[in-house]
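>>> sequence and predicted structure below; questions after.
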Amino acid sequence: MSGKAIGTTALDRLRDRLDRTSHVCSSCGYVHSDPSWKAVTTGSQVQYRRTCDSCGAVAQRTYQL
């Protein structure tokens with residue numbers, strides 16, 4: 001695999017890039033087996049969230065549109 005982001009939109013490519021970033025929880029050190037981020041949008045911003053399976057900490061990244 002070339003490591004190049006695959007997706008039909010810029011937001012798909014951004015989520016793919018986030019999925020390839022660190023899979024370690026910054027709160028407890030748990031290594032995520034499924035690093036999938038979930039997206040929520042308000043229309044003016046997109047917020048990607050991932051909840052730690054071990055401690056429940058929420059990691060998030062917010063992008064203004």
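Right, received. Where do you want to start?
>>> what about the nearest residue to residue 54 once chain neighbours are set aside, distance to residue 42?
Nearest residue to residue 54 in three dimensions, chain neighbours excluded: residue 30, at 3.7 Å (Cβ to Cβ, 6 or more residues apart in numbering). All C-beta spots, glycine's among them, are computed from the backbone N, C-alpha and C. Distance, residue 30 to residue 42, by Cβ to Cβ, to the nearest Å: 29 Å.
>>> swap in residue 24?
Relative to residue 42, and taking Cβ to Cβ, residue 24 is found at 29 Å.
>>> what about those two, which has more around it?
Using other Cβ atoms under 10 Å, the more surrounded residue of residue 24 and residue 42 is residue 24, with 13 against 9.
>>> contacting residues for the residue nearest to the spatial centre of the chain?
Compute the mean C-alpha point of the chain, and by Cα atoms, centre = their mean the closest residue is residue 37, 3.4 Å away. Residues near residue 37 by Cβ atoms under 8 Å, 6 or more residues apart in numbering: 15, 18-19, 48-50, 61.
>>> skipping its backbone neighbours, what lies nearest it in space?
That would be residue 48: by Cβ to Cβ, 6+ apart, it lies 4.2 Å from residue 37.
>>> gap between the one you found and residue 42?
Applying Cβ to Cβ to residue 48 and residue 42 gives a distance of 13 Å.
>>> shared neighbours of those two, anything?
Common neighbours of residue 48 and residue 42 (Cβ under 8 Å, 6+ apart) do not exist.
>>> contacts for stretch 44-58, please.
So stretch 44-58 is in contact with 11, 14-15, 18, 25-28, 30, 32, 35-41, 59-65, going by Cβ under 8 Å, 6+ apart.
>>> now the residues you listed: which count as buried?
14-15, 18, 25, 32, 37, 59 (16 or more other Cβ atoms under 10 Å).
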